[in-house]
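K.L.:
Everything below, folded, please.
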Amino acid sequence: MRLDVENIVWGADGRKILRGVSLEVGSGEVVGLIGPNGSGKTSLLRCVYKVLEPQAGLISLGEEDVLRSSVRRMARRTAVVPQETPGEFDFAVREIAAMGRSPHKGLFERETAEDREIVDDSLSRVGMLPFAERQFSTLSGGEKQKVLVARALAQKARLLVLDEPTNHLDVGHQLEVLGLVRGLGVSALAALHDLNLAALFCDRIYVLSGGEVFASGTPDEVLRPELIETVYGVASEVRIHPATGKPHVAFLPESLRPRPGPRPDGQEGERGARRSGGASP
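P.N.:
Got it, this is the predicted structure:
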């Protein structure tokens, strides 16, 4: 299912947060959304899944106008994995996953055998069916995130929206959760902080800065030291990892930040001169 976001504008309290953001997610693509805190990533995702209403712009899912469709109708087509796992639910894992069937049910409609089969299949796909009767609150962070992915799968949605799905997870669970999303074969738009995870699991990446798209392209095209310096204010080295064939970013402390080379007139560059105590030219 294709997602098209065109010139989205949104703001609050007199401040413009999104300034004409456009992006697209092709059918079956995993697209990453990166950028520093406050760049507008979460606000954009909330516009896509109809928690926020943009002041201008268009959002289309397939041939459907998202902004004019009902929340219930879009919930059947778009599933969300939030940034934070829910609080201490007094529900079993199966009950949490079964919440994904809610958009397909009437107010007093009971669960059917088909619903139960869909829920069990969703839990099985994320490896959590053996935990179906466990209390959600007793699970680890990574296990909770997998249950929330199962809930999204139970919706039978065509688009998966993930807001920092690996937040607070250890490395093993980060790789497991994103590998799971990568293998689902559904269209996915994911806000991510970790640039190396974005490089490893995303087909394409959009970089947000100041509420605008600063750059977009494949991980190879986007993850470059000069871009990372400009957007994040951090020096880095980017190399192709020999095992993955993907860009791998190593961040450098200030003491290892590359200095400008000598100028043709023999004088040191401005930044180097200031650091060495000399006067800038």
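
K.L.:
To which secondary structure element type does residue 169 belong?
P.N.:
Here residue 169 is coil, with the state taken from DSSP: H, G, I helix; E, B strand; the rest coil.

K.L.:
measure it to residue 83 for me?
P.N.:
Residue 169 sits 12 Å away from residue 83, going by C-beta to C-beta, to the nearest Å. In short, each C-beta sits where N, CA and C put it, glycine included.

K.L.:
who's more crowded, these two?
P.N.:
Set residue 169 next to residue 83 and count neighbours by other C-beta atoms under 10 Å: residue 169 wins out with 20 against 16.

K.L.:
for stretch 231-242, how far is the first residue from the last?
P.N.:
Its first and final residues considered, stretch 231-242 spans 26 Å by C-alpha to C-alpha, to the nearest Å.

K.L.:
Can you tell me what sits against that stretch?
P.N.:
Stretch 231-242 is contacted from outside by 35-36, 207, 209, 214, 220, 223-225, 228-229, 246-252, 254, 256-258, using C-beta atoms under 8 Å, 6 or more residues apart in numbering.

K.L.:
for the record, mean pLDDT for it?
P.N.:
Mean pLDDT, computed over stretch 231-242, is 96.

K.L.:
Now that stretch: buried residues?
P.N.:
231-232, 234-236, 238 (16 or more other C-beta atoms under 10 Å).

K.L.:
Then stretch 191-206?
P.N.:
191-192, 194-202, 204-206.

K.L.:
swap in stretch 107-124?
P.N.:
By 16+ other C-beta under 10 Å, the buried positions in stretch 107-124 come out as 115, 118-120, 122-123.

K.L.:
So which of those residues are in helices?
P.N.:
115, 118-120, 122-123 (DSSP state H).

K.L.:
which among the buried residues of stretch 191-206 gets closest to residue 151?
P.N.:
For the buried residues of stretch 191-206, the closest approach to residue 151 (C-beta to C-beta) belongs to residue 191, at 18.5 Å.
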